[in-house]
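*Asks:* fold the following, please.
(one chain, ligands or ions: 3)
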Amino acid sequence: MTGTVLATAGQAFAKLNPRHLWRAPVIFVVWVGSVLTTGLAAVEPSVFSWSIAFWLWATVLFANAAEAVAEGRGKAQAASLRAAKRETTARRLRADGEEETVPGSELTIGDRVVVDAGQVIPGDGEVVEGVATVDESAITGESAPVIRESGGDRSAVTGGTTVLSDRIVVQITTMPGESFIDRMIALVEGAQRQKTPNEIALTILLTTLTIVFLVTVMALQPLAVYSGQAQPVVVLVALLVCLIPTTIGALLSAIGIAGMDRLVQRNVLAMSGRAVEAAGDVSTLLLDKTGTITFGNRRATELLSVGDGSAGDGAVGDGTDVHALPDAAYLSSLADSTPEGKSIVDLATTEYAVNGGRSAGVLVRDGAQFVEFSATTRMSGVDLPDGVRIRKGAASALHGWVEESGGSIPSAVRDIVDRISASGGTPLVVATRHGADPARVLGVVHLKDVVKPGMRERFEVLRRMGIRTVMITGDNALTAAAIAGEAGVDDFLAEATPEDKLRLIRREQEGGRLVAMTGDGTNDAPALAQADVGVAMNSGTSAAKEAGNMVDLDSDPTKLIEVVEIGKQLLITRGALTTFSIANDIAKYFAIIPAMFVTLFPGLAALNIMRLSSPQSAMLSAVIFNALIILALIPLALKGVHYTPASAAAMLRRNLLVYGVGGVIAPFIGIKVIDLAVSLLPGLG
Ligand SMILES: Nc1ncnc2c1ncn2[C@@H]1O[C@H](COP(=O)(O)OP(=O)(O)OP(=O)(O)O)[C@@H](O)[C@H]1O
Ligand SMILES: [K+]
Ligand SMILES: [Mg+2]
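*Replies:* Residues are numbered from 1 along each chain as shown. Ligands and ions are numbered 1, 2, ... in the order given. You can find the predicted model right below:
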């Protein structure tokens, strides 16, 4: 405890460097005042001027301490990340295929390195060969191993994580010093913290106020001289410091750092403070259906056959009858790596007695060609060597495929599709086509997914915050409507392609509204980049992580709700403390000015409601109060003001009341109490 206090104090002194202080203009003015009053006190010493000098330095130090405490919390995190970044040696592959051992810090983009079980991955990259389980706890704090493999959406690996099993070849994708861990360290340490647009706007406002008060205070002097009572410079400096918005000026940077830190505590890394702020202003939240609102392990539960009898419902023992639904569904899913595809293979072999002995590899060797699922085509399948093509996919996509071949969709299929959709399930229509014959629908796979518990409540919270939730899904409109109704979202977009998502975001943004979006696939990258707040899942592709401006290490899509709350709390905290600070200064104006000039203008006595001991005691008490209030508000700046979900307008009203009125009253009480103590000092009574 004393250790941290000493460390904080040390940093507070280190931050007295004017080049650092320049970033906070209000505090910089106080620093100039401190230097000036110290010089004047040395030339013409008095208890009063030394006391003022002392408390002005205290004001600057308290401001520095606020920032140091805020940064201190990130430093602990940075230390554990540094441990993960320990110097590694890499087994680099030379052009001739031979291995050479080099320090990890020498790797550059394009290098290929071999990593075996038990070894630390020396840099960020993509797996280009092999499959391995990887322990990413060094960066995520999560001990469960994850699978990383070449090709597909799970190929990105992070330097500093450990391979647990097998051997992979990784192609390095970042320059030394620019890796994910490097960026994380810089982020949590605040080293790279840039002022956000809102902070810049507020700093300009505070600087303007400071200049206004500077001119006001300077204008007082000729007036005082004219009246035959020139004020000492120490008094003018003290008056200036009391009037300028020092409280918010001192706490502004700490509030920003603490906001980023609160995100880090929840395992979310914001690549910019701007994104955190934007999160607080978000008016539309776009959420994927599958995996975000539902559990995402959409599983096949039933195969429903239709047709002319050759496609019978049930066992197809010989396993070669591609004109029967279970077998066709099975064959078209053999190479389908999506959870849906895998669950179809499971269901067909366990419940429908399909011969599960065939492998994708053997089929390919015999000339079969698999068609991978894509969100754009919304179907997948296989072209067998004997000219039979099998496709499965969304009803609308399959309708297109069947009709193009001259086939037609039996009404029984439409009925089944509608029935499954209305229950919130996802129907996958399965069809085959022999050579140039018209395609024929064999039946429908029923995929079931479950809405996560508590969704309705979470969306209710968002609604109270004034945020509209829109579910986007590649599924058909009926399924989408059923799930949207169950989950309680405000709106939905069905049969959405990646381009549709992008268009929806642009449309939402048109009126200047801010949009948040969460995603993990390469498909989501354009939408993530376009959104004002794009949260990429850590498990996602590096394209998605590059495109977004936040990464969720837990890969939990509903984390966005917390991100928005943290952003809102940041904005409200800043607003509340700004209100408090300015209200405070105005109150001080009325507390000090009458005391200062009462001998000059006896009429002011009527305003001197505080009955302070003497003009000097009044000045000093105000300066002390001004310094102590910074110290008192550091905890609030770090923790954030109490936050309850409510509309922005309601929140603003409440805060103006609490912090505005509080800000007006506090100095009257505080300065009076301090004045009682200060008046005991020699010469100030
Ligand atoms: N493996 C698959 N093979 C064939 N078709 C599929 C497969 N997986 C999904 N589909 C079909 O493609 C549609 C779009 O899937 P996609 O994954 O793009 O969206 P989604 O998962 O329904 O929604 P979300 O945007 O929430 O992920 C699905 O509704 C389904 O009809
Ligand atoms: K002030
Ligand atoms: Mg999906």
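
*Asks:* and this protein, what are its domains?
*Replies:* For the chain, the TED database gives the domain ranges 1-77+187-263+564-679, 89-122+124-173, 270-293+452-553, 322-444.

*Asks:* next, format the ones you listed as a markdown table and append distance to V306.
*Replies:* For the C-beta atoms, the positions are set from N, CA and C on the backbone; glycine is no exception. Shown next, in a markdown table, are the domains of the chain (distance: least, Cβ to Cβ, whole Å):
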| stretch | distance to V306 |
| --- | --- |
| domain 1-77+187-263+564-679 | 46 |
| domain 89-122+124-173 | 33 |
| domain 270-293+452-553 | 18 |
| domain 322-444 | 5 |
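
*Asks:* now those in TSV, with mean pLDDT?
*Replies:* Listed next are those as TSV, based on pLDDT from 0 to 100:
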stretch	mean pLDDT
domain 1-77+187-263+564-679	87
domain 89-122+124-173	86
domain 270-293+452-553	87
domain 322-444	92
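
*Asks:* now these in a markdown table, with distance to ligand 2?
*Replies:* Below are the domains of the chain laid out as a markdown table (distance: least, Cβ to the ion, whole Å):
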| stretch | distance to ligand 2 |
| --- | --- |
| domain 1-77+187-263+564-679 | 4 |
| domain 89-122+124-173 | 41 |
| domain 270-293+452-553 | 25 |
| domain 322-444 | 56 |
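
*Asks:* between those, which gets nearest to ligand 1?
*Replies:* Closest to ligand 1 of these is domain 270-293+452-553 (Cβ to the nearest ligand atom; 2.4 Å).

*Asks:* ends of the closest one, how far apart?
*Replies:* Distance across domain 270-293+452-553, first residue to last, is 11 Å (Cα to Cα, to the nearest Å).

*Asks:* about what we covered before: redo the domains of the chain as TSV? Include mean neighbour count.
*Replies:* Formatted as TSV, these follow (neighbours: other Cβ atoms under 10 Å):
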stretch	mean neighbour count
domain 1-77+187-263+564-679	19
domain 89-122+124-173	17
domain 270-293+452-553	21
domain 322-444	19
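
*Asks:* which one of those lies closest to F180?
*Replies:* domain 89-122+124-173 (5.0 Å; Cβ to Cβ).

*Asks:* roughly how far out does that closest one sit from the chain middle?
*Replies:* 27 Å (Cα atoms, centre = their mean, to the nearest Å).

*Asks:* oh, and call the first residue 160 from now on, that's how I've got it
*Replies:* OK, 160 is where the count begins now, so the last one is domain 248-281+283-332.

*Asks:* that one and ligand 1, are they touching?
*Replies:* No - using Cβ under 6 Å from any ligand atom, domain 248-281+283-332 stays clear of ligand 1, coming no nearer than 11.5 Å.

*Asks:* in this protein, what residue sits furthest out from the centroid?
*Replies:* Using Cα atoms, centre = their mean, the residue of the chain lying farthest from its centre is G387. It sits 60.2 Å away.

*Asks:* gap between the nearest residue to N697 once chain neighbours are set aside and T299?
*Replies:* Spatial nearest neighbour of N697, chain neighbours left out: L712 (4.7 Å); criterion: Cβ to Cβ, 6 or more residues apart in numbering. L712 sits 4 Å away from T299, going by Cβ to Cβ, to the nearest Å.

*Asks:* identify the contacts common to these two.
*Replies:* N426, N697 (Cβ atoms under 8 Å, 6 or more residues apart in numbering).

*Asks:* of the domains of the chain, which is nearest E461?
*Replies:* Smallest distance to E461 across the domains of the chain (Cβ to Cβ): 8.0 Å, for domain 481-603.

*Asks:* just confirm yes or no for that closest one near ligand 1.
*Replies:* Yes - Domain 481-603 is in contact with ligand 1 by Cβ under 6 Å from any ligand atom, via 495, 497, 499-500, 532, 534, 537-539, 551-553, 585, 587.

*Asks:* who is M676 paired with across the strands?
*Replies:* Note on M676: beta-bridge partners by DSSP bridges are L445, G693.

*Asks:* please apply the same query to I631.
*Replies:* Beta-bridge partners recorded for I631 (DSSP bridges): D447, L652.

*Asks:* ok, now which ones touch it?
*Replies:* For I631, the contact set (Cβ under 8 Å, 6+ apart) comprises L445, L446, D447, K448, F651, L652, A655, D659, K660, L663.

*Asks:* how much space separates it from T167?
*Replies:* Using Cβ to Cβ, I631 is found at 47 Å from T167.

*Asks:* before we move on, back to that, doesn't I298 make contact with the residue nearest to N697?
*Replies:* Yes - counting by Cβ atoms under 8 Å, I298 is a contact partner of L712 at 6.5 Å.

*Asks:* now do the shared contacts for those two.
*Replies:* Common neighbours of L712 and I298, using Cβ under 8 Å, 6+ apart, are N697.

*Asks:* now the strands: where do they sit in the stretch 460-609 of the chain?
*Replies:* Remark: strands assigned in the stretch 460-609 of the chain by DSSP state E, counting those that start in this stretch are 528-530, 538-542, 547-552, 585-593, 599-607.

*Asks:* check contacts around L410.
*Replies:* Residues counted as contacts of L410 (Cβ under 8 Å, 6+ apart) are A222, A225, L736, I789, L792, I793, A796.

*Asks:* those in helices, which ones?
*Replies:* A222, A225, L736, I789, L792, I793, A796 (DSSP state H).

*Asks:* returning to what we had before: look up how far P761 lies from the residue farthest from the centre of the chain.
*Replies:* 14 Å.

*Asks:* what do you get for V572?
*Replies:* 97 Å.

*Asks:* cool, R573 as well?
*Replies:* The gap separating R573 from P761 is 94 Å, by Cβ to Cβ.
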